[in-house]
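Novice: Here is a sequence together with a model predicted from it:
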Amino acid sequence: MKRRHFLSYLTLSALTVRSGLIWAASKRVTTQILPLWPDLPPGGGGPAGALVISTKGAQRNIVQPTLTVLTPPSPNGRAVLIAAGGGYSRIEMGKEAWPAAAWLTARGYTAYVLSYRLPHEGWKDGAIVSLQDAQRALRLVRQREKNVSVLGFSAGGHLLGMAVSRADFLSYRATDALDNLPATADRAALIYPIITLEAPYTHTSTHKMLVGNHAPASENAAWSVQEFVNPQSPPFFLVQAEDDPISDPHNTLIMADACKREHVPVEMHRYSSGGHGFGMGRPGTPTMAWPEHYEKWLKS
C-alpha cells in the first residue's frame, strides 16, 4: 500500500498548528511537505498510527519520513537542510528545528526541515534508517536547489555530519532517478553535535540507539563522524558550550582536529556556559552569540 504521498491541505494545516508553525503564515512563508520516498522506505517495517508530537513539539512514531519546505517571500537562492536532535529516540522540532527555520527564512533562506525515521521504531533496516533518510533528503534538496548547506543539532548534527562526510556511501538501493544525484552539501553547521561514539564517549543516547551498550570498538568507529572526514568534505561550522553534560565538549575538538588533518576549512565557536540543547541560543548565556557568527559564515 502506498502510504508515502503528498499530504492534503487539511492535513498540512493541522500539522502546522500542532507543530507551532503558525509563525510561517504570519510571515508569508510558504509551507509544503514532501515525502522522502515514492512508496515504502527501504527495508520496510516501521511503526503504525499517527505521528506523535509532544507538548514541547518533539516528534516520534515517524511513520512517514518527510521534508517540510519553508520558502520565504523573497528567497535568496540558498537552502538549508535542518535536522534536530533527540538522541535518535525523538526529534526536537519545537526546541531546535522550527526556531532555526524561522530564523533562516527571516533572512531569505529556504529551510528544509527533516523528519527522519528513528532506528528503534520497528524499521527492518535498523540503525541505518536515519542515514538513509538524510542521504535521500540531501538528494531531494540538491534536485531543487543550487546552493545547499546543512544545519544539525545534537544527534541531528551526528546524522548530517555522517551524511555529508560519507557522500559516496550507499546506505540503500536506488529507488528512482533521484538516487543518481549526489548526496552532498556545500557547507555544514553542527551545533553541540555528537561526533564520536568511541570510548570514552559511549554514554550518549545516540550511542545506545545506534550500536547498543556493548558494541565492539570497530562498530563504535564505524558510526563516528570524525573517521570519515576527507578532503572532499564541505567546510564545517561547529558550536558547543564547555559545560555541555550530554555531548562531551571534546566532540567539537575532535571534529575540528579531523578537519585540520584533512585540510577541510573549519570554524569553531565554544562558549563557557549554555549546557546542551540551547537551540538558537539560551538567554542569559554566551550561546546567544552563535547565530550572528553563523550568519556571517553562511554568507562567506
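Specialist: Perfect, thanks for sending it. Residues are numbered from 1 along each chain as shown.

Novice: any idea which residue sits dead centre in the protein?
Specialist: The centroid of the chain falls nearest to Ala83 when counting by CA atoms, centre = their mean (2.1 Å).

Novice: for that residue, phi and psi?
Specialist: phi -130, psi 120 (degrees, to the nearest 10).

Novice: Skip the chain neighbours and tell me the closest residue to it.
Specialist: Nearest residue to Ala83, sequence neighbours excluded (CB to CB, 6 or more residues apart in numbering): Gly156, at 3.4 Å. C-beta here means a position set from N, CA and C on the backbone, and glycine is covered the same way.

Novice: how about the nearest residue to Met280 once chain neighbours are set aside, secondary structure?
Specialist: Leaving aside its chain neighbours, Met280 sits nearest to Pro99 (5.0 Å; criterion: CB to CB, 6+ apart). The assignment at Pro99 comes out as helix when based on DSSP: H, G, I helix; E, B strand; the rest coil.

Novice: still on that earlier bit, what strand or helix carries the residue nearest to Ala83?
Specialist: helix 155-165 (DSSP states H and E).

Novice: tell me what that helix is packed against?
Specialist: The contact analysis (3 or more CB pairs under 8 Å, 6 or more residues apart in numbering; DSSP states H and E) places helix 155-165 against strand 78-83, helix 129-144, strand 147-153, strand 187-191, helix 205-210.

Novice: Tell me what angle it forms with strand 187-191.
Specialist: Interaxial angle of helix 155-165 relative to strand 187-191 (axes from the mean of the first three to the mean of the last three CA atoms, to 10 degrees): 160 degrees.

Novice: by how many degrees do helix 155-165 and strand 78-83 diverge?
Specialist: 120 degrees.

Novice: got the CA positions of helix 155-165 in CSV?
Specialist: C-alpha atoms of helix 155-165 as CSV (Å, rounded to 0.1, in the frame of the first residue of the first chain):
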residue,chain,number,x,y,z
ALA,A,155,22.1,13.8,17.3
GLY,A,156,20.9,15.7,14.2
GLY,A,157,24.4,17.0,14.0
HIS,A,158,25.7,13.5,14.1
LEU,A,159,23.3,12.4,11.4
LEU,A,160,24.1,15.2,9.0
GLY,A,161,27.8,15.0,9.8
MET,A,162,27.7,11.4,8.8
ALA,A,163,25.7,12.1,5.7
VAL,A,164,27.9,14.8,4.3
SER,A,165,31.2,13.0,5.2
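
Novice: Mean confidence (pLDDT) on it, please.
Specialist: What helix 155-165 shows for mean pLDDT is 98.

Novice: and if you look at stretch 129-149?
Specialist: Mean predicted lDDT for stretch 129-149 stands at 97.

Novice: Do a quick rundown of the strands in the chain.
Specialist: 30-35, 52-53, 58-60, 66-71, 78-83, 91-92, 110-115, 147-153, 187-191, 236-241, 266-271 (DSSP state E).

Novice: could you dump the ones you listed to a markdown table with distance to Thr252?
Specialist: Formatted as a markdown table, the strands of the chain follow (distance: least, CB to CB, whole Å):
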| stretch | distance to Thr252 |
| --- | --- |
| strand 30-35 | 32 |
| strand 52-53 | 30 |
| strand 58-60 | 24 |
| strand 66-71 | 27 |
| strand 78-83 | 17 |
| strand 91-92 | 19 |
| strand 110-115 | 22 |
| strand 147-153 | 13 |
| strand 187-191 | 8 |
| strand 236-241 | 4 |
| strand 266-271 | 6 |
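
Novice: Between those, which one is closest to Asn220.
Specialist: strand 187-191 (18.8 Å; CB to CB).

Novice: strand partners of the closest one, parallel vs antiparallel please.
Specialist: Under the criterion DSSP bridges, strand 187-191 sits next to strand 147-153 (parallel), strand 236-241 (parallel) in its sheet.

Novice: Using CSV, lay out those together with distance to Asn180 and mean neighbour count.
Specialist: Conversion of the strands paired with strand 187-191 to CSV gives the following (distance: least, CB to CB, whole Å; neighbours: other CB atoms under 10 Å):
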stretch, distance to Asn180, mean neighbour count
strand 147-153, 16, 27
strand 236-241, 26, 26
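
Novice: so what's Arg136 up against?
Specialist: Leu36, Trp37, Pro65, Tyr172, Leu178, Asp179, Ala183 (CB atoms under 8 Å, 6 or more residues apart in numbering).

Novice: Identify, from the residues you listed, the entry nearest to Gly49.
Specialist: Pro65 (15.2 Å).

Novice: Quick check: chain neighbours aside, which residue is closest to Glu295?
Specialist: Of all residues not flanking Glu295 in the chain, Arg107 sits nearest, at 6.8 Å (CB to CB, 6+ apart).

Novice: Done for today, thanks.
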